[in-house]
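Peer 1: Task: produce atomic coordinates for the following.
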Amino acid sequence: MAKDLVLGIDIGGQSSKLGVVDADGAIIEQTVISSLQTELLAYITDLTNAIKELVAKTASIGTVKGIGIGAPDGNYYRGTIEFAPNLKWSYGPDGKPTIVELATLVKNFTGLPVTVTNDANAAAMGEMAYGVARGMKNFIMITLGTGVGSGIVIDGKVVYGHDGFAGELGHTCAVPGGRQCGCGLTGCLEAYTSAMGVARTAREMLASDSRDSLLRKLDPESISSKDVYDAAKQGDALALEIFQFTGRLLGKSLADFIKFSAPEAIVLFGGLTKSREFFHDEMIRTMEENQLSFWKGKVKVLYSSLKDSDAAILGASALAW
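Peer 2: Below is the predicted model:
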């Protein structure tokens with residue numbers, strides 16, 4: 001008997017991951033495409049071709065009934081991506097991020113109904129249904145990737161706010177008067193604790209600190225967070241300090257986030273969490289140091305238990321049922 005299936009898509013700054021999901025939450029087939037295109041039509045063409053290939057591959061198992069998409073700055077109410085600085089194909093003729101009618105575009109190309117949400121909201125939904133947040137009704141999901149996203153769950157429901165954009169915790173101010181962020185503000189958490197933020201910290205510390213470092217062997221402008229991780233694995237003192245600095249800023253912000261929603265847990269997700277051995281202890285120490293007494297030691301900090309982007313794919317797919 002043919003199954004009803006849905007398709008979940010996780011759009012990230014570097015790549016987009018797609019998966020066909022059944023009613024039990026099993027990802028039957030998945031694929032990955034680049035998100036680095038600079039033209040909207042090129043990206044939509046690649047995305048919809050990948051969708052059609054997955055639909056064809058799973059046709060013998062069942063019928064894909066709809067598509068759910070988690071995307072940076074995705075608006076659940078409008079089906080749009082709005083002013084996403086990390087997606088170059090979403091830029092307008094003036095060279096600035098603009099509004100992309102994503103749901104309409106994908107529906108026109110595929111003929112399937114499409115629902116869009118913020119990528120971190122999708123990850124939160126996936127984690128709540130299938131991961132470490134299963135059974136929780138109050139938690140915050142923080143995604144540490146190309147940018148810093150967040151999904152806030154209160155009483156078992158994702159918080160969208162009146163306009164669909166609630167939960168932009170990556171753009172709260174971590175350093176007053178600090179770095180310019182891609183969103184146009186200064187000092188945002190994203191400018192420091194994303195993968196790109198870690199690379200920026202590395203360049204700044206290399207310029208201001210005279211210590212020997214493995215990172216000095218690299219072109220400063222091409223240094224990535226993975227380069228910092230690789231150096232830290234070899235005991236490089238400067239690389240270790242970069243992650244300590246990152247952990248302090250993240251811990252302070254987590255303490256602030258706890259104050260407004262009293263979550264049972266904060267769940268961290270995304271590529272940068274692979275470096276947690278170098279920032280976790282400092283993050284927790286700073287979080288507790290900046291916490292009100294009645295929350296000290298009570299809020300768990302957990303890491304996603306789902307493989308790679310499965311949380312975001314599964315959460316996005318849940319929109320399509």
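
Peer 1: show me where the protein has strands.
Peer 2: With DSSP state E as the definition, the chain shows strands at residue ranges 3-11, 15-21, 27-34, 62-71, 74-75, 80-82, 99-100, 114-118, 139-144, 148-154, 157-158, 265-269, 300-303.

Peer 1: Next up, the contacts around Gly177.
Peer 2: By C-beta atoms under 8 Å, 6 or more residues apart in numbering, the contact set of Gly177 is Thr186, Gly187. Using the backbone N, CA and C atoms, a C-beta is placed for each residue, glycine as well.

Peer 1: Next, the angle strand 265-269 makes with whichever helix in the chain runs longest.
Peer 2: The longest helix of the chain (DSSP state H) is helix 237-261. Regarding helix 237-261 and strand 265-269, their directions subtend 140 degrees when assessed with axes from the mean of the first three to the mean of the last three C-alpha atoms, to 10 degrees.

Peer 1: Just the angle for helix 237-261 relative to strand 139-144, thanks.
Peer 2: Taking the same axes, to 10 degrees, helix 237-261 and strand 139-144 form an angle of 150 degrees between their directions.

Peer 1: and helix 237-261, what does it pack onto?
Peer 2: Counting contacts by 3 or more C-beta pairs under 8 Å, 6 or more residues apart in numbering; DSSP states H and E, helix 237-261 is packed against strand 139-144, strand 148-154, helix 190-193, helix 195-208, helix 225-233, strand 265-269, helix 276-289.

Peer 1: Of those, which stretch is the most buried?
Peer 2: Of those, the one with the most neighbours on average (mean count of other C-beta atoms under 10 Å) is strand 139-144, at a mean of 29.

Peer 1: just to revisit the earlier point, quick check: which of the strands of the chain has the most neighbours on average?
Peer 2: Of all these, strand 139-144 carries the top mean neighbour count, a mean of 29, counting by mean count of other C-beta under 10 Å.

Peer 1: elements contacting it?
Peer 2: helix 119-130, strand 148-154, helix 237-261, strand 265-269.

Peer 1: Nearest to Glu277, out of the strands of the chain?
Peer 2: With respect to Glu277, and counting by C-beta to C-beta, the nearest of those is strand 300-303 at 11.1 Å.

Peer 1: mind saving the C-alpha coords of that closest one as PDB?
Peer 2: These are the backbone C-alpha positions of strand 300-303, laid out as PDB (Å, rounded to 0.1, in the frame of the first residue of the first chain):
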ATOM      1  CA  LYS A 300      19.900  22.200  31.100                       C
ATOM      2  CA  VAL A 301      22.100  22.900  28.100                       C
ATOM      3  CA  LEU A 302      21.700  20.000  25.600                       C
ATOM      4  CA  TYR A 303      23.100  19.200  22.200                       C
END
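
Peer 1: partners of it in the sheet?
Peer 2: The pairing partners recorded for strand 300-303 under DSSP bridges are strand 265-269 (parallel).

Peer 1: so who does Gly167 touch?
Peer 2: By C-beta under 8 Å, 6+ apart, the contact set of Gly167 is Asn118, Ala120, Asn121, Gly149, Ser150, Gly151, Ile152, Val159, Tyr160, Gly161.

Peer 1: Look up how far Gly8 lies from the nearest residue to the fourth one once chain neighbours are set aside.
Peer 2: Nearest residue to Gly149 in three dimensions, chain neighbours excluded: Ala120, at 3.3 Å (C-beta to C-beta, 6 or more residues apart in numbering). Ala120 is 14 Å from Gly8, where distance means C-beta to C-beta, to the nearest Å.

Peer 1: so what's Leu254 up against?
Peer 2: By C-beta under 8 Å, 6+ apart, the contact set of Leu254 is Ile142, Ile266, Met283, Met287, Val301.

Peer 1: Just grab the bridge partners of the residue nearest to the last one when sequence neighbours are not counted for me.
Peer 2: The spatially closest residue to Val301, leaving aside those adjacent along the chain, is Ile266, at 5.1 Å (C-beta to C-beta, 6+ apart). Using DSSP bridges, the beta-bridge partners of Ile266 come out as Ile140, Val301.

Peer 1: need the strands of the chain in CSV with mean pLDDT and distance to Lys107, can you?
Peer 2: Putting the strands of the chain into CSV (pLDDT from 0 to 100; distance: least, C-beta to C-beta, whole Å) gives the following:
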stretch, mean pLDDT, distance to Lys107
strand 3-11, 96, 12
strand 15-21, 96, 16
strand 27-34, 97, 18
strand 62-71, 97, 8
strand 74-75, 96, 15
strand 80-82, 97, 13
strand 99-100, 98, 13
strand 114-118, 96, 5
strand 139-144, 96, 26
strand 148-154, 96, 24
strand 157-158, 96, 22
strand 265-269, 96, 28
strand 300-303, 98, 35
